[in-house]
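Chemist: After the sequence you'll find the predicted model.
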Amino acid sequence: LSVLTLDKRRELSGKYDIIFKRASSVTAQVETIQQSSEPLVSLEPKTPAADDVRPSVTPEKHSLTQVLDYCVDVYASILTHKLVKMIVLLAFLAWTLWSIYSMETLDQGLPQKEAMPSNSYMIEYFNALDVYLATGSPVYFIVETSYGRNPASWSLNDESVETIFCKSKDICGTYSIPNIMNALANHGDESVTHISPGTTYSWMDDFWGFVNPDSECCRVDSEGAYAPIETGNETYTTLRSDDDTCLPSSETVPPVPEDEYMSLFSMFATASAGTSCSYGGGSIYRGQFSIDTDPIPTVTSSTPAVKINSSGYGDEITAWSYMVTGTSNPTQQRYIDSYKQNLAAAEWISEKTGVDVWVYNLTYVYFEQYLTIIHDAYELIGLSLAAIFVITTLYLGNVFYSLVISLTATNIVVLVLGLMQPLDIMLNGLSIVNLIIAAGISVEFCGHYVRFFAKANGTGDERARDALRQVFTSVIFGITITKVIGLSVLTLADSRVFKKYYFRMYMMVVVCGVLNGMLLLPVLLSTIIDVKNFFTRKRSRKSEPSAPVTRVE
């Protein structure tokens, strides 16, 4: 505003836009006119509200101004009636309390179909997913070395370690991670755990089954290279059954021989399951292992066969995961609740087993923001309101009226938040940005009134009438109606995002702003001033010395 004022002064003084130190020939003409006998309106810009400025108007404009002034006087007279003031205060109190309750139940998220045009075929696709999708995407509970309290390496042949990561042997603990996964999937309330019932897999148990000499899974040829399973080739399958097992028949698993552990694990991690062997890790656990912090490469036809007792297969397994299937989540809030619940499950597993576990799902990257969105909303909106308080204090030089403006802006934001749920608007990054902007826009509806109220004299009702006469028409015609007309264009938008998060939200800001600025503020400030004057007069009466009483004989 300051820059615009300075630029207007430059323009009126006849100076150039870029070389603003140099004046044009118009300046000389202006100076000549100013020196003439006829008075000239000052070149200094002044607001219409200035006491000494009365712009010349035509009779038509004068009559219109009289009509508007009369309407404002009638409105102010009605508004300063005691019964009306009580009704307004009670109504806004009830509205604010309801808004606080409503904002506590506000849904979070931003559905994918909101960003689509209203006639997009993708909307039908997303609606079909919400109705017919039976299960959700996989959820991975990941164990990683050096994560949290986890050691830099695991001794996976140690029985004290095996008891945490297995479920099929007597050595496996009741609260081992695979047993907990199975309990969450098959013995928990699906609406609470957000995990679909089904088979849960434990790679350590399957690895033991794969290398067990009694199974058909792990066979090596005469050179010690792994002989993969080929279900469709009966001749090869017959010849393969005559190959040596990876471990001698005298071996008992677990444990797995230490010097052969990594080569056997590489066979398991790249093997495909078949009819003769269901333990193939390449089919079940693909992409779920890391060796020496690197993922296992994808096996192709040119990949050399893994040889038992050979090197080059890494030193240790550094990360693995336990996969369960999530539930179908038809709403954004269900996705967020699922993420929070799985985080809580990972935290509980970490506490129960002593192994720090973290959870991952394809959608969690997007829903990460909703873990702290309420805190972020309070913080960001609070900072904007604090900035409003500081700036208005510097401008008005009065803490009380700055506090009134800030609290009114806060109330406008609260009322907008309360209306978001009935209007099907969710809390997300987009709506938070709009709420921050709403806090700034709200100053337009209340700042001008508070300034003129502070400058007025008299009782609270008199000051309210004077302030309304000064700003009511400007706020209604200059701010409210112009914004309504501008926002109405957004009704033609073909995207739900524009209709909901721009048209509806900003229209709510305008409606709540004008009601707070032109209805609540006059009543509230006039009431506060009248109450203050009442107690001031009461104290002054008490402080006055009583007149001496003369005794009549």
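Modeler: Thanks, I have the structure now. Numbers count the residues shown, from 1 in each chain.

Chemist: Just the CA atoms of stretch 270-280, as CSV, please.
Modeler: Provided in CSV are the C-alpha atoms of stretch 270-280 (Å, rounded to 0.1, in the frame of the first residue of the first chain):
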residue,chain,number,x,y,z
THR,A,270,16.4,-66.4,-6.3
ALA,A,271,14.6,-69.7,-6.5
SER,A,272,11.1,-70.0,-7.9
ALA,A,273,8.4,-72.0,-6.2
GLY,A,274,6.8,-75.0,-8.0
THR,A,275,4.6,-78.0,-7.4
SER,A,276,7.5,-80.0,-5.9
CYS,A,277,8.6,-77.1,-3.7
SER,A,278,6.6,-74.3,-2.2
TYR,A,279,9.6,-72.6,-0.4
GLY,A,280,11.0,-70.7,-3.4
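
Chemist: what comes into contact with it?
Modeler: 206-207, 209-210, 215-218, 226, 228-231, 237, 268, 281-284, 296, 299, 303, 306 (Cβ atoms under 8 Å, 6 or more residues apart in numbering). (Each C-beta comes from the backbone N, C-alpha and C, glycine too.)

Chemist: what is the rounded mean pLDDT of that stretch?
Modeler: What stretch 270-280 shows for mean pLDDT is 83.

Chemist: Just the contacts of stretch 270-280: which are in helices?
Modeler: Among these, the members falling in helices are 206-207, 209-210, 237, 268, 281-284 (criterion: DSSP state H).

Chemist: Check Thr32 and give its pLDDT.
Modeler: For Thr32, pLDDT reads 49.

Chemist: now swap in His62 and tell me
Modeler: Looking at His62, its pLDDT reads 58.

Chemist: Also Met518?
Modeler: Reported pLDDT for Met518: 93.

Chemist: Correct me if wrong: it contacts Leu468.
Modeler: Yes: taking contacts as Cβ atoms under 8 Å, Met518 lies within contact range of Leu468: 7.5 Å.

Chemist: Pull the most distant pair out of the ones in helices among the contacts of stretch 270-280.
Modeler: Phe207 and Thr237 (22.4 Å; Cβ to Cβ).

Chemist: picking up where we left off before, please list only the buried members of the contacts of stretch 270-280.
Modeler: 206-207, 209-210, 215-218, 226, 228-229, 237, 268, 281-282, 284, 296, 299, 306 (16 or more other Cβ atoms under 10 Å).

Chemist: just the strands in the stretch 101-250 of the chain please.
Modeler: For the stretch 101-250 of the chain, the strands defined by DSSP state E, counting those that start in this stretch occupy 135-144, 219-220, 244-245.

Chemist: How about the stretch 401-550 of the chain?
Modeler: Counting by DSSP E, counting those that start in this stretch, the stretch 401-550 of the chain contains no strands.

Chemist: what's the overlap in contacts for Met518 and Leu468?
Modeler: Counting by Cβ under 8 Å, 6+ apart, the shared contacts of Met518 and Leu468 are Tyr449.

Chemist: where in the protein is pLDDT low?
Modeler: Across the chain, the ranges flagged by pLDDT under 70 are 1, 16-64, 299-302, 543-553.

Chemist: quick one: the lengthiest helix in the chain to chain centroid distance?
Modeler: Ordering each helix of the chain by length in residues (DSSP H) puts helix 429-455 first. With Cα atoms, centre = their mean, to the nearest Å as the basis, helix 429-455 stands 22 Å off its chain's centre.

Chemist: So that it lines up with my notes, have the first residue be 735 from now on.
Modeler: In the new count, where the first residue is 735, that last one comes out as helix 1163-1189.

Chemist: Which elements pack onto that helix?
Modeler: Counting contacts by 3 or more Cβ pairs under 8 Å, 6 or more residues apart in numbering; DSSP states H and E, helix 1163-1189 packs against helix 1107-1130, helix 1133-1154, helix 1194-1207, helix 1239-1249, helix 1255-1277.

Chemist: which outside residues touch the longest one?
Modeler: Applying Cβ under 8 Å, 6+ apart, the contact partners of helix 1107-1130 are 842, 1103, 1133, 1135-1137, 1139-1140, 1143-1144, 1147, 1161-1163, 1166, 1169-1170, 1173-1174, 1177, 1181, 1184-1185, 1188.

Chemist: got the angle between it and helix 1163-1189?
Modeler: Put simply, helix 1107-1130 runs at 30 degrees to helix 1163-1189, going by axes from the mean of the first three to the mean of the last three Cα atoms, to 10 degrees.

Chemist: So what angle separates the directions of helix 1107-1130 and helix 1133-1154?
Modeler: Computed by the same axes, to 10 degrees, the angle separating helix 1107-1130 from helix 1133-1154 equals 150 degrees.

Chemist: Next, the buried residues of helix 1107-1130.
Modeler: Of the residues in helix 1107-1130, those buried (16+ other Cβ under 10 Å) are 1107, 1111, 1115, 1118-1119, 1122-1123, 1126-1127, 1130.

Chemist: From the chain's centroid, how far away is that helix?
Modeler: For helix 1107-1130, the separation from the chain centroid amounts to 18 Å (computed by Cα atoms, centre = their mean).

Chemist: Ok, the second one next?
Modeler: Average the C-alpha atoms of helix 1133-1154, do the same for its chain, and the two points are 21 Å apart (Cα atoms, centre = their mean).

Chemist: hey, C-alpha coordinates of that helix in CSV?
Modeler: What follows is helix 1133-1154, C-alpha atoms only, in CSV (Å, rounded to 0.1, in the frame of the first residue of the first chain):
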residue,chain,number,x,y,z
VAL,A,1133,-2.9,-3.3,22.0
PHE,A,1134,-6.5,-3.6,22.9
TYR,A,1135,-7.9,-2.9,19.4
SER,A,1136,-5.1,-5.0,17.8
LEU,A,1137,-6.2,-7.8,20.1
VAL,A,1138,-9.8,-7.3,19.0
ILE,A,1139,-8.8,-7.6,15.3
SER,A,1140,-6.7,-10.7,15.9
LEU,A,1141,-9.4,-12.4,17.9
THR,A,1142,-12.0,-11.5,15.2
ALA,A,1143,-9.7,-13.0,12.6
THR,A,1144,-9.3,-16.1,14.8
ASN,A,1145,-13.1,-16.4,15.1
ILE,A,1146,-13.5,-16.1,11.3
VAL,A,1147,-11.0,-19.0,10.8
VAL,A,1148,-12.8,-21.1,13.4
LEU,A,1149,-16.2,-20.5,11.7
VAL,A,1150,-14.7,-21.4,8.3
LEU,A,1151,-13.3,-24.6,9.9
GLY,A,1152,-16.6,-25.5,11.3
LEU,A,1153,-18.4,-25.1,8.0
MET,A,1154,-15.9,-27.3,6.1
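
Chemist: Please spell out which residues along that helix are buried.
Modeler: 1135-1136, 1138-1140, 1142-1154.

Chemist: I'd like to know which elements that helix is packed against.
Modeler: Under the contact criterion of 3+ Cβ pairs under 8 Å, 6+ apart, helix 1133-1154 touches helix 816-838, helix 1107-1130, helix 1163-1189, helix 1239-1249, helix 1255-1277.

Chemist: try 7 Å this time
Modeler: Applying 3 or more Cβ pairs under 7 Å, 6 or more residues apart in numbering; DSSP states H and E, one finds that helix 1133-1154 contacts helix 816-838, helix 1107-1130, helix 1163-1189, helix 1239-1249.

Chemist: before we move on, the earlier item: so for Met1252 and Leu1202, which sits in the more crowded spot?
Modeler: Leu1202 (24 against 20; other Cβ atoms under 10 Å).

Chemist: any idea how far the more buried one lies from Leu1153?
Modeler: 26 Å (Cβ to Cβ, to the nearest Å).

Chemist: what's the answer for Leu973, then?
Modeler: Where Leu1153 is concerned, Leu973 sits at a distance of 75 Å (Cβ to Cβ).

Chemist: what do you get for Leu1128?
Modeler: Look at Leu1128 and Leu1153: by Cβ to Cβ, they are 32 Å apart.

Chemist: what comes up buried for stretch 848-866?
Modeler: The neighbour-count check on stretch 848-866 (16+ other Cβ under 10 Å) flags 848, 850, 857, 860 as buried.
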